[in-house]
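**Student:** sequence first, predicted coordinates after that:
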Amino acid sequence: MAKIDLSKISHSYNPNDLNPVYALNPFSMTWENGNRYAILGPSGCGKTTMLNIVSGLVRPSAGRILFDDKDVTDLKTEDRNIAQVFQFPVIYNTMTVYENLAFPLKCRDFSKSKTDERVNSVAETLNLKSFLNSPARKLTADQKQLISLGRGLVREDVAAVLMDEPLTVIDPDLKFRLRRNLKEINEQYKTTLVYVTHDQNEAMTFADNIIVMSEGEVVQTGSPKELFERPNTTFVGYFIGSPAMNLFESEVSSNDSVKINNNLIKTHTNLSNLKTKNIKLGIRSEFIKIAQNQNENLIDVNVEKVEDLGNYKLITAKMGDFTIKSKVTRETEIPSQNVKLHIPAEKCCVYQDNKLI
Amino acid sequence: MNKLYIFLKYFFIVVWTVFVVAPFLWALTTSFKDFQSVNGGVTYIPWVDFEPNLEGWKVLIKSPARGGVDIIEPYFNSLFVTCTASLISIILGTLSAYALSRYTFKAGFVKNNDITFFFISQRIMPPIVLSIPFFLFLSSINLLDSLTGLIVVYIVLLMPIAVWIMVDFFNKVPREIDETALIDGCNPYQAFLKVVLPNSIPGLIVAGMFCIIFGWIDFFFAFILTFTEVQLLPVKIVALNSSVTPWWSLSASALVSVAPLIIVAFIVERYLSKGNLSGAIK
């Protein structure tokens, strides 16, 4: 359990080349003790590199890492007291399930009784109790992944548990239960959990803080709500939420309004000091509704299709060249012609150069 | 269709078994024959076809003074040299293979793969190329005609095999295993000894098997680098030959010399059937 500070960290896998390619661009960040973090981003954006830097498997090209204000940048992995779970199950084939779970404690000279107690408690949480004496290699892939997870959780004093897409091989039902278990463990022991994933739902349901990454860059850090309602960049808007955020190329027309296809849309953003008039307007499909009796921020659209997705309806509509998606409740009546959609000003995000203003 | 398949399967198994076992049967019966029985036509069944005697076997343990060749000492010499050289080769080979598999080496244009190839290239060369350097080298350090000298040479010959097999094997053991061990609190040596090595036992067995086979059957270097003080089994067996080919004692010596390899084969086979070697042999 520790506060983890990443200070001006950057990393390149070929730092001595003429034009080094950076897997991680410089960033600074603090992971508070006892919180749950999710690192979210598409494959190859540097998520795993970030984890490996924290666990010490990779030494950053620049920057320092501090655990509870103590510099550990040059400390070896084995001396950092950190746990890491990889995407695919890593088990010690030649050992039993019990020996696997006890291994991290054995390496650190824990007493037999303490080891017993911890292994049994973790096995209980992960439903591995009945397998403790079986050879680990005989288990199924998802049980093996539980062992990897268990080895991460067996030490109570660990600085943080880093998980690199740990639930990929586990079936959805168990996945859901495990995520809840992890949350309980976090609440009970105040263990800092860091969870890497490219699945936004996983990130949203698991973490209280999400770090969104793209191409080696940390693009936004915040709560699921912040990321959803105020994405910092168009990338975050596009990457988070299903469907992705509606984005319209548009022009500034006054201090607080923009013009899309001859429709004037008011926003709550001050647009007076912009370099150019070209901006993008972003709005979540969840916030666009069929107009009832509003008289501003309305757009006329042609409804192209309506999909019934069980708990909601997804309207795909056209406004000139723009495609708009709107999520409405199942009960909503959708007229076939002359549809007006209402865009709430307070939910509009205005982007210039793909960054939120 | 199914019956035909089963019939063909067993037919080929029987043919193959005969093909493998027949020479042993031939050697076994021949080893109990005397001059008359060997030259008196094809016979197989003792006491019916021919009268067995132990002359062929006795020659192997009789001292030269009494007309024998005494292969007991060369036999144990061979066992000692093969086992010692194999053991050392496996230890050194496994360590180098682990380093080659896990760490990056670079000296100019020479990289990991080139180093691995360098080891293998030692076996590509015809042995005769190495004979003179080895001879001069051993004579300069006074190890010609000695067990130690042979062990040194055999390590040079066997280590490439161990490196070659183990590099391939370690490459297939995921790096995450080492990393997990480090995260769990092992230092790199403990990670290797406690986690990676136990996972590599199948590879070690295969490498050990090849080392023992190649060490045991070597005739060339044993012949060139030893004279009178020390003799290995293959050289001694050749010495059995004389103007009248002693088929009976040659057969007997062939059987005793192949015996250790059969034992090795049985041990490895037990692992094979347990599935412990799955993935160890492509």
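**Tutor:** Done, it's in.

**Student:** just give the nearest non-adjacent residue to the closest residue to chain A within chain B, would you?
**Tutor:** Chain A sits closest to residue B:185 of chain B, with a gap of 3.4 Å, by CB to the nearest CB. Just so you know, the C-beta spots here come from the backbone N, C-alpha and C atoms, and that holds for glycine as well. Leaving aside its chain neighbours, residue B:185 sits nearest to residue A:107 (3.4 Å; criterion: CB to CB, 6 or more residues apart in numbering or on different chains).

**Student:** report the contact partners of the one you found.
**Tutor:** A:78, B:184-186, B:190 (CB atoms under 8 Å, 6 or more residues apart in numbering or on different chains).

**Student:** what residues does the stretch 101-250 of chain A have near chain B?
**Tutor:** Applying CB under 8 Å from any CB of the partner chain, we find that the stretch 101-250 of chain A lies next to chain B at A:103-104, A:107-108, A:148, A:151.

**Student:** now, those residues that are in helices?
**Tutor:** Of these, the ones assigned to helices by DSSP state H are A:103-104, A:107, A:148, A:151.

**Student:** possible to save the residues you listed as a markdown table with pLDDT?
**Tutor:** Shown next, in a markdown table, are those (pLDDT from 0 to 100):
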| residue | pLDDT |
| --- | --- |
| A:103 | 93 |
| A:104 | 92 |
| A:107 | 89 |
| A:148 | 89 |
| A:151 | 91 |
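
**Student:** ok, of these, which one's closest to residue A:273?
**Tutor:** Nearest to residue A:273, judged by CB to CB, of these is residue A:148 at 52.1 Å.

**Student:** residue A:87 is in contact with the closest one, correct?
**Tutor:** No. Contact between residue A:148 and residue A:87 fails when scored by CB atoms under 8 Å: they sit 9.7 Å apart.

**Student:** anything in contact with each of these two?
**Tutor:** residue A:166.

**Student:** higher neighbour count, these two?
**Tutor:** Between residue A:148 and residue A:87, counted using other CB atoms under 10 Å in any protein chain shown, the more crowded position is residue A:148 (23 against 18).

**Student:** related to what we said a few turns ago, farthest-separated two in the contacts of residue A:107?
**Tutor:** Longest span within the contacts of residue A:107, CB to CB: B:184 and B:190, 9.6 Å.

**Student:** more crowded one of the two?
**Tutor:** Neighbour count, other CB under 10 Å: between residue B:184 and residue B:190, residue B:184 has more, with 27 against 15.

**Student:** just the strands in the stretch 201-350 of chain A please.
**Tutor:** Under the criterion DSSP state E, counting those that start in this stretch, strands of the stretch 201-350 of chain A are mapped to A:209-214, A:217-222, A:246-252, A:257-260, A:263-266, A:278-283, A:289-290, A:298-308, A:313-319, A:322-328, A:339-342, A:349-352.

**Student:** pick the most buried one from those.
**Tutor:** Each of the strands of the stretch 201-350 of chain A was scored by mean neighbour count; the highest is strand A:209-214, a mean of 23, by mean count of other CB atoms under 10 Å in any protein chain shown.

**Student:** within its sheet, name the partner strands of it and how each one runs.
**Tutor:** Using DSSP bridges, the strands paired with strand A:209-214 are strand A:36-40 (parallel), strand A:217-222 (antiparallel).

**Student:** about what we covered before: got the strands of the stretch 201-350 of chain A as JSON lines, with distance to residue A:165 columns?
**Tutor:** Formatted as JSON lines, the strands of the stretch 201-350 of chain A follow (distance: least, CB to CB, whole Å):
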{"stretch": "strand A:209-214", "distance to residue A:165": "14"}
{"stretch": "strand A:217-222", "distance to residue A:165": "18"}
{"stretch": "strand A:246-252", "distance to residue A:165": "28"}
{"stretch": "strand A:257-260", "distance to residue A:165": "38"}
{"stretch": "strand A:263-266", "distance to residue A:165": "39"}
{"stretch": "strand A:278-283", "distance to residue A:165": "28"}
{"stretch": "strand A:289-290", "distance to residue A:165": "36"}
{"stretch": "strand A:298-308", "distance to residue A:165": "29"}
{"stretch": "strand A:313-319", "distance to residue A:165": "28"}
{"stretch": "strand A:322-328", "distance to residue A:165": "28"}
{"stretch": "strand A:339-342", "distance to residue A:165": "38"}
{"stretch": "strand A:349-352", "distance to residue A:165": "29"}
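
**Student:** just send these back as CSV, with distance to residue B:26 and mean pLDDT too.
**Tutor:** Converted to CSV, the strands of the stretch 201-350 of chain A look like this (distance: least, CB to CB, whole Å; pLDDT from 0 to 100):
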stretch, distance to residue B:26, mean pLDDT
strand A:209-214, 72, 92
strand A:217-222, 76, 90
strand A:246-252, 85, 89
strand A:257-260, 95, 87
strand A:263-266, 98, 87
strand A:278-283, 88, 89
strand A:289-290, 94, 88
strand A:298-308, 80, 88
strand A:313-319, 82, 89
strand A:322-328, 84, 90
strand A:339-342, 94, 88
strand A:349-352, 88, 90
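
**Student:** right, so of those, which gets closest to residue B:18?
**Tutor:** strand A:209-214 (66.9 Å).

**Student:** ok now the closest one, how far from the chain's centre?
**Tutor:** With CA atoms, centre = their mean, to the nearest Å as the basis, strand A:209-214 stands 5 Å off its chain's centre.

**Student:** now do stretch A:116-130
**Tutor:** 29 Å.

**Student:** same thing with stretch A:228-241?
**Tutor:** 12 Å.

**Student:** stretch A:245-257 too?
**Tutor:** 28 Å.

**Student:** look up how far residue B:119 lies from the residue of the stretch 1-150 of chain A found nearest chain B.
**Tutor:** Nearest residue of the stretch 1-150 of chain A to chain B, counting by CB to the nearest CB: residue A:107, 3.4 Å away. Noted for residue A:107: a distance of 33 Å to residue B:119, by CB to CB, to the nearest Å.

**Student:** same check on residue B:224?
**Tutor:** 23 Å.

**Student:** how close does residue A:227 sit to residue A:6?
**Tutor:** For residue A:227, the distance to residue A:6 - CB to CB - is 19 Å.

**Student:** again, but for residue B:170
**Tutor:** In terms of CB to CB, residue B:170 sits 33 Å off from residue A:6.

**Student:** show me which of the two is the more surrounded one.
**Tutor:** residue B:170 (23 against 20).

**Student:** element containing the closest residue to that one other than its chain neighbours?
**Tutor:** Counting by CB to CB, 6+ apart, residue B:170 lies nearest to residue B:101, which is 3.6 Å off, once chain neighbours are set aside. Assessed by DSSP states H and E, residue B:101 sits inside helix B:72-102.

**Student:** any idea which residue sits dead centre in the chain?
**Tutor:** By default, I'm working from chain A. Residue closest to the average C-alpha location in chain A (CA atoms, centre = their mean): residue A:40, at 3.1 Å.

**Student:** meant chain B actually
**Tutor:** residue B:213 (1.0 Å).

**Student:** look at that one and give its secondary structure.
**Tutor:** Classification of residue B:213 by DSSP: H, G, I helix; E, B strand; the rest coil places it in helix.

**Student:** if I pick it, what's in contact with it?
**Tutor:** B:261, B:264 are the contacts of residue B:213 under CB under 8 Å, 6+ apart.

**Student:** repeat that for the one 4 residues further on.
**Tutor:** Contacts here follow CB under 8 Å, 6+ apart; on that basis residue B:217 touches residue B:234.

**Student:** mind checking the strands of the stretch 201-350 of chain A for the one nearest to residue B:42?
**Tutor:** strand A:209-214 (80.6 Å).

**Student:** give the contact list for residue A:91.
**Tutor:** Per CB under 8 Å, 6+ apart, neighbours of residue A:91: A:100, A:136-137, A:139, A:144, A:147-148.

**Student:** okay, and residue B:254 sits in which element?
**Tutor:** helix B:247-274.

**Student:** then residue A:7?
**Tutor:** Per DSSP H and E: strand A:4-12 holds residue A:7.
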